[in-house]
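Enquirer: Here's a sequence, model it:
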Amino acid sequence: MEQDQMLLEQNKLDEFIRIIRENLKQLQEQKVSVDAEVKFLYDAWSKGDDSLYSDLVVAAGLQERINNSLRDNELAKPKPHFGRIDYTDRTTGKDYRLYIGKHGINRGPTEIIIMDWRASASSIYYECQVGEGEYPVPSGEMIPICLNQKRTYDIEDGKLIGFYDSDTVANDELLVKYLARNKDVVLGEIIATIQQEQNRIIRERHNRNLIVQGVAGSGKTTVAVHRISYLLYNFSDKYAPDEFCIIGSNDMLLNYIASALPNLDVTNTRQYRMDQLLLHFLTEWEWLPENKYQPWSCSACISFKSSWQMARMIEQWTKEREQELLPIEDVTERGEIVFSAESMAEYLKLFSDQSLTVKMDSLNTRMAAKIKLIFDAEEPPVRKEILKKYRKHFSRNYKKKSLLQLYCELIQWLSDTCTSLYGLNPQELALWQANVKKYRFDVYDLAAMNLIAYYWLRTEDEKKIRQVFIDEAQDFGVLPYYVLKKKLPDAIFMIMGDVSQNIHFDSGMNDWKDLREHVFSDTQDRFYTLCKSYRNTMEISAYASRILDRSSFETYPIEPIVRHGEPVRLWNCQSEPDMQKTASDLIRQIREKGYDTIAVICQNEEEAGQVKELLGVNDTCADSAAEASFQKGVSVLPIALTKGLEFDAVLLWDPSAGRYQTNDADAKLLYVAVTRALHELHLLCRGELCELLAE
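Expert: As a prediction, the model looks like this:
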């Protein structure tokens, strides 16, 4: 019986491949014709024939559709589909059999032969078990169905290796099969193995803010890139790709995410490091001269600067200054109340969300209108004199200042009024202010200046970004999120992170409390937890859990998928040459097993540079945050640059006692390092192993 089913399924696969080949032949013929037409129209238009512009736009649109179809069919040819669902629509009574693939494939202009994984009905494959169920459509309506069969296929280069029905093979068993392969294969198969809890986040409402707490290896980044693809597929009428912005803490993470997007039909999205985006806002509006900016890492007052309290203090300082600059009082002229205190108070309340400079300009404009109305009967010279007298009445107390000057005023105000309240050190405050005056800014300085500019200088809101995705969100304190929410009032946010992996213990997020209470507190905002870890073997996961058990910070439970592998190996080395030889031998052995992503993880960037030279590794990723990019081969990296990444095998360089202390900050560093490994974890240690990792 199974052999008969295999033959039927192979025949169906052959039919799909035949249709794809026919599609490719037809599309290539169309491409030749359309490319020639676009070239002809473009040449004529560029020579001044403006009458052909509309024809050129239409032809270029057709050219893009043909190129996209060519790409989809070419990519689908080796593995047209990965799933099949047979179900009955309870509303209409109709029976359906849908084959689901990474790319939707049509025969002719309208007949769908393989359903795109992002289509509404494909949700049945991810969400439903055999029996009664339902699936959502983009409008939010739920369609009741009865799922009769759900099948997953193992296809390689057009050949059916096997198939698995959900009522006979557990979902986790299928996932383990994929996870046992090397990293490159895993990424290629991930759409077929999206889990139910991940799928629900991917298909959440397009206009809902999401915070996703996911343990190491829970697929946060996978969920994010697939949600971007899902939204652009289903809501192309609402969003353009360049309205999507992906934010990360380093370039390597951003490059890693960006590399996955083209295979999901996503191009032209924006990608920024957090500091880059905040600097972009400041320089775009010319509030800060870009050529003077110096990136700076300074620990002075860092816990306070990164916090929600910093945002509150900026607001309080602004309100106090506004009360000084715009005192609420009657304005009288020649016995007439030109502008009453009551009217002014009402205006300031009604337009409280406007910047201080806009308020002053608007009040001056209103004053001029009132003068013209009240003194309409006066002679023009008299009226002109009165207008001149009150032309800048509401900005009379304000001397125009640069953003840098305003920021220095804020720091001085903090020094004068808030030192004891927040335990701020006067010496650190002085160092903070000295750095600012020299244009030395860290990410929190940039965030603070954006918030000051928002309250003092802005004339309009940023509207170019409408969907924001932030990965490794725990790397930053609450302040940047508060600022982005203010700066992008119409944007929807997806925040992903794991507070157990906060390597910036003094400034990042060690819990989600302030973010949920003060930034994403709307009743429509959602908080998800992903507790199942798909990355590590049981042996590596157990080792990582040991680190968390020895820490005092709040952690989320980890549910490792049952996948066994090599035990974690400790290599006791007597000297640096011994470590060098051990590492080189291990790298060679790991490569012989077919693994092609290997990381040698060091404590910091300086050590990574030394180890890279020591090992003589030529195909390593760059060891500089500014140059880093993810690629196959051997990567020698500091822990900070491995955030969000995963490797077939990890060699942790010298986690010996004395180099890592038994405290929460180092526990989070080591937890990140250990959980990067998919299959093998090796500890190369000189002397005694640090207590956090010891038996």
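
Enquirer: Could you tell me the phi and psi values at residue 528?
Expert: phi -110, psi 150 (degrees, to the nearest 10).

Enquirer: and the closest residue to it other than its chain neighbours, how far is that from residue 340?
Expert: Using Cβ to Cβ, 6 or more residues apart in numbering and skipping the chain neighbours, the partner closest in space to residue 528 is residue 212 (4.8 Å). C-betas here are computed from N, CA, C, even on glycine. In this view, residue 212 and residue 340 are 51 Å apart by Cβ to Cβ, to the nearest Å.

Enquirer: for the stretch 451-600 of the chain, which spans come out with low pLDDT?
Expert: Across the stretch 451-600 of the chain, not a single residue meets the criterion (pLDDT under 70).

Enquirer: Could you check stretch 394-409 and say which residues are buried?
Expert: For stretch 394-409, burial by neighbour count (16 or more other Cβ atoms under 10 Å) applies to 394-395, 398, 403-404, 406-408.

Enquirer: so how far is that stretch from its chain's centroid?
Expert: 35 Å (Cα atoms, centre = their mean, to the nearest Å).

Enquirer: Stretch 326-337 too?
Expert: 51 Å.

Enquirer: CA atoms of it as PDB?
Expert: This file holds the C-alpha atoms of stretch 326-337, laid out as PDB (Å, rounded to 0.1, in the frame of the first residue of the first chain):
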ATOM      1  CA  LEU A 326       5.400  80.100  27.900                       C
ATOM      2  CA  PRO A 327       3.900  81.500  31.200                       C
ATOM      3  CA  ILE A 328       0.100  81.300  31.100                       C
ATOM      4  CA  GLU A 329      -1.100  84.900  31.500                       C
ATOM      5  CA  ASP A 330      -3.300  87.400  29.900                       C
ATOM      6  CA  VAL A 331      -1.800  89.500  27.100                       C
ATOM      7  CA  THR A 332      -3.300  93.000  27.000                       C
ATOM      8  CA  GLU A 333      -2.900  95.900  24.700                       C
ATOM      9  CA  ARG A 334      -4.600  99.300  24.900                       C
ATOM     10  CA  GLY A 335      -7.000  98.000  27.500                       C
ATOM     11  CA  GLU A 336      -8.000  95.000  25.400                       C
ATOM     12  CA  ILE A 337      -7.300  91.300  26.300                       C
END
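
Enquirer: average pLDDT for it?
Expert: For stretch 326-337, mean pLDDT is 92.

Enquirer: and the closest residue to residue 306 other than its chain neighbours, what does it touch?
Expert: Excluding the flanking residues, the one nearest residue 306 by Cβ to Cβ, 6+ apart is residue 477, at 2.7 Å. Residue 477 is in contact with 305-307, 444, 507-509, counting by Cβ atoms under 8 Å, 6 or more residues apart in numbering.

Enquirer: measure residue 432 to residue 408 for me?
Expert: 10 Å.

Enquirer: My error: substitute residue 357 in the last question.
Expert: For residue 357, the distance to residue 408 - Cβ to Cβ - is 18 Å.

Enquirer: cool, residue 347 as well?
Expert: With Cβ to Cβ as the criterion, residue 347 and residue 408 are 30 Å apart.

Enquirer: Flag every buried residue along stretch 375-394.
Expert: In stretch 375-394, counting by 16+ other Cβ under 10 Å, buried: 375, 383, 386, 390, 393-394.

Enquirer: Stretch 637-651 now?
Expert: For stretch 637-651, by 16+ other Cβ under 10 Å, it's 637-651.

Enquirer: gap between that stretch and the chain center?
Expert: Worked out by Cα atoms, centre = their mean, stretch 637-651 lies 18 Å from the chain centre.

Enquirer: Over to that stretch now: how far is its first residue from its last?
Expert: End-to-end distance of stretch 637-651: 10 Å, with Cα to Cα, to the nearest Å as the criterion.

Enquirer: What of stretch 585-601?
Expert: First residue to last in stretch 585-601 (Cα to Cα) measures 16 Å.

Enquirer: going forward, begin numbering at 350 instead of 1
Expert: Renumbered: residue one is now 350, and that last one reads stretch 934-950.

Enquirer: ok, residue 493 - contacts?
Expert: Here residue 493 is in contact with 438-440, 481-483 (Cβ under 8 Å, 6+ apart).

Enquirer: Angles on the backbone of residue 447, please.
Expert: phi -120, psi 130.

Enquirer: buried sites along stretch 1021-1039?
Expert: 1021-1035, 1038-1039.

Enquirer: and it, how far from the chain's centre?
Expert: Taking mean C-alpha positions (Cα atoms, centre = their mean), stretch 1021-1039 and its chain are 28 Å apart.

Enquirer: ends of it, how far apart?
Expert: So stretch 1021-1039: terminal residues 16 Å apart, Cα to Cα.

Enquirer: repeat for stretch 740-754
Expert: Termini of stretch 740-754 sit 25 Å apart (Cα to Cα).

Enquirer: ditto for stretch 833-842
Expert: First-to-last residue span, stretch 833-842, Cα to Cα: 9 Å.

Enquirer: circling back to that earlier point, what about the buried residues of stretch 1021-1039, which are in strands?
Expert: Residues of these located in strands (DSSP state E): 1026-1035.

Enquirer: And those, which two are furthest apart?
Expert: 1027 and 1035 (26.2 Å; Cβ to Cβ).

Enquirer: I figured residue 551 hits residue 579, correct?
Expert: Yes: assessed by Cβ atoms under 8 Å, residue 551 is found in contact with residue 579 at 5.3 Å.
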